[in-house]
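Asker: coords please:
(one chain, ligands or ions: 1)
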Amino acid sequence: MASLAIHGGAGTIPRSAFTPQSYQAARDGLRDALRAGWAVLNDGGLAVDAVEAAVVVLEDHPSFNAGHGAVLNAAGDHELDAAIMDGRTLAAGAIAAARATRNPIRVARRVMETGDCVLLTASGADLFAREQGLEMVDQSYFTTTLRRQHWQRADEERAGLLNRPRSEAEKHGTVGAVACDDDGNLAAATSTGGYTYKRVGRVGDAPIFGAGTYAANGTVAVSCTGQGEFFIRRGTAHDIAARIRYRSDTLGDAVAVAMAELTSDGCGAGLIAIDATGAMELLHNTEGMYRGTVAADGTLSVGIYRDDFAVVERL
Ligand code: ASP
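Answerer: Sure, this is the predicted structure:
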């Protein structure tokens, strides 16, 4: 039975900072991504195509920290990370610190398909994307007024000039999707701008397989959000898979342990996971996490905080 889960990051805007319009825009973005992913699954398509389709929509949406709307690094530039993994074969492709491709997840997909490497970085990723004929954009395409303000505040904080602490939303975010198709195939995709004011060249967990992204048929597909260094150190996504594979942990138990460890690290974290039965888990220890699901019966739900996760429509 097919099902799909997505996230738009655990760096959510505090409730008080949302306008009714921006709140609805974020929810609509989640809904549109779910519709795109579900269209693939409902057509009998592959999990890996569904997660790519969902992530492209989230990358194009300015509410989320990936693609258009990505955060700026310390130099005031965008460096984008993305990864995709097909649980059927453990085929995987990722890019890190790329600067010029409109949809980083599409480049990751091409890396996966080419099959002669798993991870391409920086100018190598952009060169590859260009060779592949993917749409290239100027850095300004990724920048929004809000992200410029976030960078400004981070710069003021560095200079000791900030009188109010920065919110999670000002610092980070990510988008991701996990899917199970009708044949029980699993896939995961993750894409991010990383952290506001991150060091130039810093790579997060999203493109590190086993850290922020992982998928293996028969066990689980996982996509994570939160400060990547913690996920890399713990190998979080693979750890969840290993608990299921070697200890026969339930999906719920495996993700609960992973979240408890991240919480004990002091990491504001979120993750989504799906198993071969199509069961889904969406967890966060932060105030909110942009997230949504389409259950096997086509029920589409989205939420941002703990109390607003609700059915939107039946597909
Ligand atoms: N995991 C991302 C990174 O560290 C950030 C996030 O998800 O909030 O690059």
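Asker: Can you tell me how far Lys171 is from the ligand?
Answerer: Per CB to the nearest ligand atom, to the nearest Å, Lys171 is found 8 Å from the ligand. The C-beta positions use only the backbone N, C-alpha and C, and glycine is treated the same way.
Asker: Run a quick neighbour tally on the residue lying closest to that residue once chain neighbours are set aside.
Answerer: Spatially, and ignoring its direct neighbours in sequence, Lys171 is nearest to Thr196 (5.3 Å; CB to CB, 6 or more residues apart in numbering). Per other CB atoms under 10 Å, the neighbour tally for Thr196 reads 26.
Asker: List the contacts of Thr196.
Answerer: Thr196 makes contact with 71-73, 147, 150-151, 154, 166, 170-172, according to CB atoms under 8 Å, 6 or more residues apart in numbering.
Asker: Most neighbours of all the residues you listed, which one?
Answerer: Val71 (29 neighbours).
Asker: now the strands for the stretch 101-250 of the chain?
Answerer: Counting by DSSP state E, counting those that start in this stretch, the stretch 101-250 of the chain has strands at residues 119-121, 175-180, 186-192, 213-216, 220-226.
Asker: could the ones you listed go into JSON lines alongside mean pLDDT, mean neighbour count and distance to Ala96?
Answerer: As requested, these are arranged in JSON lines below (pLDDT from 0 to 100; neighbours: other CB atoms under 10 Å; distance: least, CB to CB, whole Å):
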{"stretch": "strand 119-121", "mean pLDDT": "98", "mean neighbour count": "20", "distance to Ala96": "5"}
{"stretch": "strand 175-180", "mean pLDDT": "98", "mean neighbour count": "34", "distance to Ala96": "16"}
{"stretch": "strand 186-192", "mean pLDDT": "98", "mean neighbour count": "33", "distance to Ala96": "10"}
{"stretch": "strand 213-216", "mean pLDDT": "98", "mean neighbour count": "30", "distance to Ala96": "12"}
{"stretch": "strand 220-226", "mean pLDDT": "98", "mean neighbour count": "32", "distance to Ala96": "15"}
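Asker: Mind checking these for the one nearest to the ligand?
Answerer: Of all the strands of the stretch 101-250 of the chain, strand 220-226 sits nearest to the ligand, with 3.5 Å by CB to the nearest ligand atom.
Asker: Quick check: the gap between the spatially closest residue to Gly201 that is not a sequence neighbour and Thr299.
Answerer: Residue nearest to Gly201 in three dimensions, not counting chain neighbours: Ala97, with 5.9 Å by CB to CB, 6+ apart. Distance, Ala97 to Thr299, by CB to CB, to the nearest Å: 38 Å.
Asker: before we move on, what about Thr145?
Answerer: Counting by CB to CB, the gap from Thr145 to Thr299 is 35 Å.
Asker: The two: which has the busier surroundings?
Answerer: Neighbour totals were compared for Thr145 and Thr299, and Thr299 leads with 14 against 8 (other CB under 10 Å).
Asker: What confidence value was assigned to the more buried one?
Answerer: As predicted, Thr299 sits at a pLDDT of 98.
Asker: what about the residue nearest to Thr114 when sequence neighbours are not counted, which SS state?
Answerer: If you skip the residues right next to it in sequence, Thr114 has Gly93 as its closest partner in space, 7.6 Å away by CB to CB, 6+ apart. State at Gly93, reduced to three classes by DSSP: H, G, I helix; E, B strand; the rest coil: strand.
Asker: Please apply the same query to the one 4 residues further on.
Answerer: Under the three-state scheme (three-state DSSP), Ala97 adopts strand.
Asker: where in the stretch 151-300 of the chain is pLDDT low?
Answerer: Applying pLDDT under 70 to the stretch 151-300 of the chain picks out no residues at all.
Asker: Run through the helices of it in chain order.
Answerer: Secondary structure of the stretch 151-300 of the chain (DSSP state H, counting those that start in this stretch): helices located at 168-171, 228-234, 236-247, 251-265.
Asker: ok, the second one near the ligand or not?
Answerer: Yep, that's helix 228-234 we're talking about. Yes: using CB under 6 Å from any ligand atom, helix 228-234 reaches the ligand at Gly228.
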